[in-house]
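Enquirer: sequence and predicted model, in that order:
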Amino acid sequence: MCKDSGAMYWRDARPRGKQRGITVQPPGKKIDIEWHRTFICDFDLWLILEGRAALVFEDGEQQEVNRGSCIWLRPGMPFDFIVAPHAPLHTAWIHFDLLGESGEPMDCHRVTVPPVVQEIRNIQFFEVAFRHLTTLKHPLREGSREVEIDQGDALLFALLCEYELAGCQPERMDQASLQYRQIVESVNSWLEHHPDRPVTAGELAKRYGYSLPHFSRIFRKTVGKSPTAVIIEARIRQAKRLLLDSTLNISEVAASLGYEEVFYFSKQFKKATGLSPLTFRKMNQ
């Protein structure tokens, strides 16, 4: 696990492919939140080849995915995945790590990645690339297959770059998109300057003159996260700073961030980072 206290942009890391394949899910199948929290321990990239499904987030918002939708998953992502009832869902997928300078897998919670779902324009390239990746055998780095696997990692990196660019098409940057990004940036700035003020997504929505459902859609579209997730991330970032740069004990850190119960703070911190506040401080001293 990387011991860097700050987040790293994903392009500063090196992807390493792991298991990959093509899966057919039956109509109506539901993969719930607990499955993601339990079984996804690295990054996943999914490409919908055929069929439809819906991502249902903790706040109740749904996002439909179909042919050409690509999904970048990280551990603990809070949503259910429900296949449409009328047809099976064909999905190509690959598990992968992002390696830091030491060559070790980075902590998934400390890497900044693009939004969860992107609509891919160059579907043919993605399908060919995914199908090529699924032809590589396991174990991934053994004997004469070393060169082929390195080529596979290069192809994976190209896929991830195309994934990110899918959300930056000029035609998508209309006035509404620019306005939404300004709102998100304003919220982030406010959260950074007021880490000690407990605030809910509903309160922020009211502050900016939106209903909570509309406010949530702005964040989903712009950064691929709910406003609640953004609030928690801002508080966790400040918690890391305090744990590393101050002599406050854990209870004092929690109180300075507006948490009424240190237990809840510790639980939320561990869920976000994979470490308890005390362990995080000890590992980074």
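Expert: The structure has been received and is ready for your questions.
Enquirer: just want the most central residue of this structure.
Expert: In the chain, the C-alpha nearest the mean C-alpha coordinate belongs to R74, at 4.9 Å (C-alpha atoms, centre = their mean).
Enquirer: that one is in contact with H95, isn't it?
Expert: No - using C-beta atoms under 8 Å, R74 is not in contact with H95; the gap is 11.5 Å. Bear in mind the C-beta positions are built from the backbone N, C-alpha and C, glycine included.
Enquirer: common neighbours of those two, please.
Expert: 43-44 (C-beta atoms under 8 Å, 6 or more residues apart in numbering).
Enquirer: hmm, back to that, just the pLDDT at the residue nearest to the centre of the chain, thanks.
Expert: Looking at R74, its pLDDT is 79.
Enquirer: residue numbering should commence at 2 henceforth.
Expert: Sure thing, new numbering starts at 2, so read that last one as R75.
Enquirer: tell me how far the spatially closest residue to it that is not a sequence neighbour lies from G52.
Expert: With sequence-adjacent residues excluded and distances taken as C-beta to C-beta, 6 or more residues apart in numbering, R75 is closest to C109, at 4.7 Å. Per C-beta to C-beta, to the nearest Å, C109 is found 27 Å from G52.
Enquirer: of those two, which one has the most company?
Expert: Neighbours were counted for C109 and for G52 using other C-beta atoms under 10 Å; C109 has more, 22 against 19.
Enquirer: isn't that one right next to P76, touching?
Expert: Yes - under the criterion of C-beta under 8 Å, C109 makes contact with P76 at 5.2 Å.
Enquirer: which neighbours do those two have in common?
Expert: D43.
Enquirer: for the host helix or strand of E186, packing partners?
Expert: Assigned by DSSP states H and E, E186 belongs to helix 176-194. Applying 3 or more C-beta pairs under 8 Å, 6 or more residues apart in numbering; DSSP states H and E, we find helix 176-194 packed against helix 213-224, helix 228-246.
Enquirer: could you dump the ones you listed to a markdown table with distance to R21?
Expert: As requested, the helices and strands packed on helix 176-194 are arranged in a markdown table below (distance: least, C-beta to C-beta, whole Å):
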| stretch | distance to R21 |
| --- | --- |
| helix 213-224 | 27 |
| helix 228-246 | 28 |
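Enquirer: about what we covered before: quick one: the helix holding E186 to helix 228-246, angle?
Expert: Here helix 176-194 runs at an angle of 40 degrees relative to helix 228-246 (axes from the mean of the first three to the mean of the last three C-alpha atoms, to 10 degrees).
Enquirer: now N189: how far from A88?
Expert: From N189 to A88 the distance is 40 Å (C-beta to C-beta).
Enquirer: can you check R242 too?
Expert: Counting by C-beta to C-beta - R242 and A88 are separated by 49 Å.
Enquirer: same check on P214?
Expert: 28 Å.
Enquirer: try L279
Expert: 50 Å.
Enquirer: please apply the same query to N285.
Expert: 49 Å.
Enquirer: next: M9.
Expert: 39 Å.
Enquirer: more neighbours: which of these two?
Expert: Just comparing M9 and A88: by other C-beta under 10 Å the higher neighbour count belongs to M9, 17 against 13.
Enquirer: the more buried one and C109 touch, don't they?
Expert: No - contact status for M9 versus C109: not in contact, 11.0 Å apart, counting by C-beta under 8 Å.
Enquirer: ok, which stretches of the stretch 52-201 of the chain are helices?
Expert: 124-134, 147-167, 176-194 (DSSP state H, counting those that start in this stretch).
Enquirer: could you dump the ones you listed to TSV with mean neighbour count and distance to R218?
Expert: Conversion of these to TSV gives the following (neighbours: other C-beta atoms under 10 Å; distance: least, C-beta to C-beta, whole Å):
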stretch	mean neighbour count	distance to R218
helix 124-134	16	25
helix 147-167	16	19
helix 176-194	14	9
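Enquirer: which one of those helices lies closest to G69?
Expert: Across these, G69 has its closest neighbour in helix 124-134 (4.8 Å, C-beta to C-beta).
Enquirer: mean confidence for the closest one?
Expert: 82.
Enquirer: that helix versus helix 147-167: what angle between them?
Expert: 150 degrees.
Enquirer: which helices and strands does helix 124-134 pack with?
Expert: Using 3+ C-beta pairs under 8 Å, 6+ apart, helix 124-134 sits against strand 15-26, strand 44-51, strand 90-100, helix 147-167.
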